[in-house]
Structures are given as structure tokens and as C-alpha cells.
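In: Task: produce atomic coordinates for the following.
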Amino acid sequence: MTSKTNYEYIILKKEAHREFRRLYHLEEKRRQQLLVRHEFEIDEQRQEFRRKREELMRKYDGELQAMEQKHNIEIERENILLTNEYNKKIKQLKTDQEKEFKQFREQLREQIKQIKREYDSPTSTYHNSQTLKDRKEHLKRYLTEKEDESYVREKEFLDNQQQIYDNQLKTIENYYAKRIEMFEKQFQIKKQSLLKLNEQELWDIDELELRSRYDLLRKQTKSFYALFRTMLTQQSEKELQQLDEQIRFERNTLEARLTDDKREWPKLWKKMQKTRTKQFRQQLIMNKTSSEEEKKLIKKFETDEYERYRIHEERLKEKHYQLIENLHSKHQATRNELLFVQRQKLEQCIEYETRKLQELQSTFESDWMEFRNTQKTRKL
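Out: Okay, the predicted model is just below:
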């Protein structure tokens, strides 16, 4: 290899090195951009589901607050109705009981008056059997007994009225207490239903987030290895391109050397033949060969020289052919080895991707089972 060829080879190697460095930096830049985009997608997905939870909780709090306000209004309305009916009933009972008590006392007074009239009547049996003084004493005792009896009856009447009064008010209280209890039960049922619905929707969001997170991870894994395969393909194409350039350079170098050999071989052979012819003629002179014999020997020498030239020319062609074939075999072997290594890298990439996806699936199934078991404790 001449100095010029060596220089060209060095330039070719430096250019190939620069190309690979440029390709490496480009691949690293694309890989970093992809990783940044993946981080952004993960963070965006996390924020999206956080927003969904916050919206759901705001919706739940709003519905619960509206439900509590409605419930409080219903309870307040029932309390107002209870108070109004309570006051109305109290007023009615007091009026009725005062009237009844007045009638009752009037009856008692009438009974006392009737007794006095009977004692004062001339036809009474008491006039015949008792003196006036005795009648008065007897009437006084009798009236005292009747007054005591009236007092007891009046007290019993008032107690009975109070009992009726308390019972009717208690009936009203019980009625509205049952209505309030009914509203409380309905409120608790609606509240539990709303809480279960909210819990179910939260469960759905958690489930969707878990699935979406692993779907995104699978998608990102596929996109990462797709980029990796693309970079491998580009690197392989660049390696093949560099190899083709090296092959072309080595082939051109060999062809130039063989061309030089073909061009120099006749000159070298002519020089060698001239030397051998001179030596042969000197030997003929030294041997004092006759003219006739000399002609035969010279003719034979020329024939032998031609045959030798032909043999050397065939050897040179065979040598050149072998050099070309060896270079071609070397290049083909180098290309096959490079293609084999590239194919191995691609297969390893596919194998790594498959293994990573299987690991993701296994992790997802484990997290899914844990998630399902956790939800059993969350359900009301």
C-alpha cells in the first residue's frame, strides 16, 4: 500500500468514525427525547386521574351537601308542623277542658243545690223525724261530705283531663317523631347509596388508572424498542455503507495494483528475456556451435521463451484471479459476519422487548390481584 493509498485509507477511517459519532449523538438525543416524552405522558396521566378524583369528590360533596340541606329543611318543616299542631292542640284542649271542667263544676253545684232544696222542702222526711237543729247539723255534715266527695271527683276529673291532655300531645309527638325517624332513615339510606355510588365510581377510576398505567407502560416499552430497532437498523445500514466503502476502496486498491502489475509485467519480462537471450548467445559462442545448430538452438530457445512467457502470464492471471477471489471471499465473509451480528442484535432487542412486556404483564397481574383484594375491604 503506497503512502497515497495509506493516506486515503486513514481519511476513510476518520470519516467513518465521524459518521458513527454523529449517529451515536443523534441516537442518544432521540432516546433522551423519548424518555422525556414518556415521563411527561406518565405525569400527565397521573394528573388526569387526580383531576377525575377531585371532580368526583366535588360532585359527591355537592350532592351530599344538597341532600343534607334538603333533609334539614324537611326536619325543620316537620318541627314547625309539630310546633304549630302542638300549640293548636294545646289551645283546643285547654278550651275544651275548661268548658268541660266548667260544666262539671256546674253539675256539682247543681247537685249541692239540689240537696239543699231537698232538705229545705216541707215534704222532706227529715222534717218529721228531726228537729231543726238536728237537720242543720245533718245537712252541714252531709254537705261537707259532698264537698269532700266533689273535691275528690274534681281532682279525678282534672287528673283524667290531664291524662287525656298528655296522651293527645304524646300522640302528636309520636306521630311527628315517627315521621322524623322515617326521614332520618330515608336520609341515611340515600346517604349510604350516594356513598356506595361514590365508592364505586372511585373504584372504577382506580381500576381504569391501573389498567391505563400499564397500557401506557406497554405502549412506551414498545415505542422505546421500536426506536431502538430503528436505531439498530440505521446503524446497520451505516455499518454496511461503511463496509461497502471499505470494500470498494480495497477493491479499487487491488485493481490498481493488478493494473500496475499487468502494465509492468511485459517490461520486466522483456528485460529478463533480453538478459537470458544475451547469456544464451554468449554460451553459444563459448561452445563454438555451428551456424546450422545455432539456428536450431535459437529457434528452440525462442520457443521455450514463448512457452515460459505464456506460463508466467497464466500464473500471473491465476494469481490476480486468486487475489480477487480471496478479496471477494474476505468481503463476503465480513459482510456475512456483520449481517449475523446485526441479526443477533435485532433478535436480542426483540427478546428483551418480549421479556420486558412479559414482566410488565406479570407485575400488572400481581398489582391487579392486590387491587381486587384491597377493594373487598373498601366496599361497604
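In: Thought R276 was touching E305, still the case?
Out: Yes: at 7.1 Å, E305 counts as touching R276 under the criterion of Cβ atoms under 8 Å. In short, each C-beta sits where N, CA and C put it, glycine included.
In: helix or strand right after the longest helix along the chain?
Out: If you go by DSSP state H, the chain has its longest helix at helix 132-287. Once the chain leaves helix 132-287, the next helix or strand it forms, by DSSP states H and E, is helix 291-378.
In: from the middle of its chain, how far away would stretch 328-342 be?
Out: In terms of Cα atoms, centre = their mean, to the nearest Å, the centre of stretch 328-342 is set 46 Å apart from its chain centre.
In: neighbouring contacts of it?
Out: Taking contacts as Cβ atoms under 8 Å, 6 or more residues apart in numbering, the residues outside stretch 328-342 that touch it are 232, 236, 239-240, 243, 247, 250-251.
In: Give me the buried subset of those residues.
Out: The neighbour-count test (16 or more other Cβ atoms under 10 Å) marks 232, 236, 239, 243, 247, 250 as buried among these.
In: Most widely separated two among these?
Out: Spatially, the most separated pair among the buried ones among the contacts of stretch 328-342 is L232 and E250, at 25.9 Å (Cβ to Cβ).
In: Relative to E19, how far out is Q241?
Out: According to Cβ to Cβ, to the nearest Å, Q241 stands 8 Å off from E19.
In: With neighbour numbers in mind, choose between those two.
Out: A direct count of neighbours by other Cβ atoms under 10 Å for Q241 and E19 places E19 higher, at 15 against 12.
In: And E54, its phi and psi?
Out: When read as degrees, to the nearest 10, the backbone of E54 gives phi -60, psi -40.
In: quick thing: my sequence starts at 55, can you match it?
Out: New numbering, starting at 55: the last item is E108.
In: So what's the residue count around it?
Out: Counted with other Cβ under 10 Å, the neighbours of E108 add up to 10.
In: so what pLDDT did it get?
Out: E108 carries a pLDDT value of 94.
In: ok, now how distant is it from K167?
Out: According to Cβ to Cβ, E108 and K167 sit 86 Å apart.
In: cool, Q215 as well?
Out: Taking Cβ to Cβ, one finds Q215 at 24 Å from K167.
In: Those two: which is more packed in?
Out: Higher neighbour count among Q215 and K167: Q215, with 18 against 10, using other Cβ under 10 Å.
In: ok, for the more buried one, nearest residue in space, not its chain neighbours?
Out: Q151 (4.6 Å; Cβ to Cβ, 6 or more residues apart in numbering).
In: tell me the contacts of that neighbour?
Out: The contact partners of Q151, by Cβ under 8 Å, 6+ apart, come to 215, 218-219.
In: got it, and L270?
Out: The contact partners of L270, taken as Cβ under 8 Å, 6+ apart, are 95-96, 99.
In: pLDDT added to these, as TSV?
Out: Formatted as TSV, the contacts of L270 follow (pLDDT from 0 to 100):
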residue	pLDDT
E95	92
I96	91
Q99	92
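In: Restricted to strands, list those.
Out: Assigned to strands by DSSP state E, none of the contacts of L270 qualify.
In: Among those, which ones are in helices?
Out: Counting by DSSP H, those place 95-96, 99 in helices.
In: Find the helix or strand that H79 is a member of.
Out: Going by DSSP H and E, H79 is part of helix 57-174.
In: how far does that helix sit from the chain's center?
Out: With Cα atoms, centre = their mean, you get 25 Å for helix 57-174.
In: likewise stretch 269-279?
Out: Distance of stretch 269-279 from the chain centroid (Cα atoms, centre = their mean) equals 13 Å.
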